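Engineer: Have a look; sequence and predicted model below, questions after that.
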Amino acid sequence: MDRLGWLPTRYITPRGWGMITAGAAALLLAQIMGRRDLLALAVFLAGLPVTAAAAMVLLKPRFAVDRKFRPASVETGLVTQVHLALRREMGFGTAYMEEQLPSRFGPSPSFRFPARFPTAAGESVYEYRLRSGKRGLFAIGPVTADFQDPFGLARHRHTLGAASRLIVTPAPLELPAT
């Protein structure tokens, strides 16, 4: 089992497994019927998903991630606006991305890259709000992205950027008059 750990089996989608199965069936038919053209089709059908999975692993896309909080430090119970800008430095295609948040903030926001209306600089900008009822330092991020090849035969999950620190301070209390 350890010898097969290098194979990209976890990267192949159900559509890719279907093509591999069709390739195996074409290979069986090529053996039974003695047809070379079926043999070529079998190699193509079985090889394309494996090639796509290998390409997904070897050709990792690169992104620049910029995350800002407005305000940078927030009091408990108040809302901070998170401004997330993503710019592709290498790669192509679409991706489904998710910002990783501590469980106290609820479900993590997810979005599709590229955005419908990217900026002139080619950045996709996303905004969402966070509120915490407790003080502390919270790690917001990193962004995880699911990439697929153009034919939907292979996929790979990447972590983009690093986590940023959100500072939540205690709310001020008005002291009684002395």
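Structural biologist: That came through fine. Residues are numbered from 1 along each chain as shown.
Engineer: Any stretches of this structure with poor pLDDT?
Structural biologist: Within the chain, the segments meeting pLDDT under 70 span 1-9.
Engineer: Mind listing what's buried along the longest strand along the chain?
Structural biologist: Counting residues, the longest strand found in the chain (DSSP state E) is strand 79-90. Buried residues in strand 79-90, counting neighbours by 16 or more other Cβ atoms under 10 Å, are found at 80, 82, 84-88. Placement of C-beta: from N, CA and C, glycine included.
Engineer: Would you convert these into CSV that also reports distance to Leu175?
Structural biologist: As requested, the buried residues of strand 79-90 are arranged in CSV below (distance: Cβ to Cβ, whole Å):
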residue, distance to Leu175
Thr80, 26
Val82, 33
Leu84, 38
Ala85, 41
Leu86, 45
Arg87, 48
Arg88, 52
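Engineer: Tell me how many other residues crowd Lys68.
Structural biologist: 12 (other Cβ atoms under 10 Å).
Engineer: Run the chain-centre distance for stretch 71-84.
Structural biologist: The chain centroid and the centroid of stretch 71-84 are separated by 25 Å, computed with Cα atoms, centre = their mean, to the nearest Å.
Engineer: mind saving the C-alpha coords of that stretch as PDB?
Structural biologist: Presented in PDB, the C-alpha positions along stretch 71-84 are these (Å, rounded to 0.1, in the frame of the first residue of the first chain):
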ATOM      1  CA  PRO A  71     -11.300  48.700  11.800                       C
ATOM      2  CA  ALA A  72      -8.000  46.900  12.400                       C
ATOM      3  CA  SER A  73      -9.000  46.400  16.100                       C
ATOM      4  CA  VAL A  74     -12.600  45.900  17.100                       C
ATOM      5  CA  GLU A  75     -14.400  45.900  20.500                       C
ATOM      6  CA  THR A  76     -16.500  42.900  21.500                       C
ATOM      7  CA  GLY A  77     -19.900  42.900  20.100                       C
ATOM      8  CA  LEU A  78     -19.100  45.300  17.200                       C
ATOM      9  CA  VAL A  79     -18.600  44.400  13.600                       C
ATOM     10  CA  THR A  80     -15.400  44.500  11.600                       C
ATOM     11  CA  GLN A  81     -15.400  44.500   7.800                       C
ATOM     12  CA  VAL A  82     -12.900  42.100   6.200                       C
ATOM     13  CA  HIS A  83     -11.600  43.100   2.800                       C
ATOM     14  CA  LEU A  84     -10.000  40.200   0.900                       C
END
